[in-house]
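Enquirer: Using only what follows, build the 3D model:
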Amino acid sequence: MAESAAAQAATPLTLEEKKAAARARSRAARAAQEAGDDAGLLRVTPAAAAYIRAAATRAGTPAGVRLRILAGGCSGLEYKLDLLGADETAGPLDREVATNDVRVLMDLKSAIHVTGSVIDYESTLLRRGFRITNPNATGTCSCGDSFTA
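Expert: Numbers count the residues shown, from 1 in each chain. Coordinates of the predicted model:
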């Protein structure tokens, strides 16, 4: 019986299952925003927030980033983070999350893909940069910069 459960876990999701999961994430994100609780949408760790604030100070911009999910990378979808512009505000189709004194703006499509994610910053001998832990990713590349949903 354990073998059949392991075999099911290794079976890739069908397109319909992926669509159903995306719809469920979208409903959860929308419900959280309507309730005024964006904390479950995305979280920025203190290390990542400190790096973003320092970079924004050097650039003379507000402490925040725009997160986009784009087609590309080894696994099909990749993360793109950009500092917010000096006068950049959330548009009507954007989600805005404030966490650890940092604003994160993202479009609706990107918000669906990153619901429940954590943005961290690490600086080691082998790697320096952001690391995004995404519970919605069904697969990632070895470097962790792209994912499959």
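Enquirer: distance of the most centrally placed residue in the chain from Thr57?
Expert: What sits nearest the mean C-alpha location of the chain, by C-alpha atoms, centre = their mean, is Val114, with 3.6 Å. Applying C-beta to C-beta, to the nearest Å, the value for Val114 to Thr57 is 25 Å. Using the backbone N, CA and C atoms, a C-beta is placed for each residue, glycine as well.
Enquirer: does Arg66 sit in a helix, a strand or a coil?
Expert: Classification of Arg66 by DSSP: H, G, I helix; E, B strand; the rest coil places it in strand.
Enquirer: So, low pLDDT: which residues of the chain?
Expert: Applying pLDDT under 70 to the chain flags the ranges 1-10, 25-26, 29-40, 73-75, 139-149.
Enquirer: Show me where it has its helices.
Expert: 2-10, 15-34, 46-59, 108-114 (DSSP state H).
Enquirer: Remind me what the last one packs against, helices and strands.
Expert: Packing contacts for helix 108-114, counted by 3 or more C-beta pairs under 8 Å, 6 or more residues apart in numbering; DSSP states H and E, involve helix 15-34, strand 64-72, strand 94-99.
Enquirer: okay if I get these as CSV plus distance to Arg53?
Expert: CSV is the format used below for the helices and strands packed on helix 108-114 (distance: least, C-beta to C-beta, whole Å):
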stretch, distance to Arg53
helix 15-34, 24
strand 64-72, 9
strand 94-99, 12
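Enquirer: out of those, which comes closest to Lys109?
Expert: Closest to Lys109 of the helices and strands packed on helix 108-114 is strand 64-72 (C-beta to C-beta; 6.7 Å).
Enquirer: Pull out the buried positions in the closest one.
Expert: 64-69 (16 or more other C-beta atoms under 10 Å).
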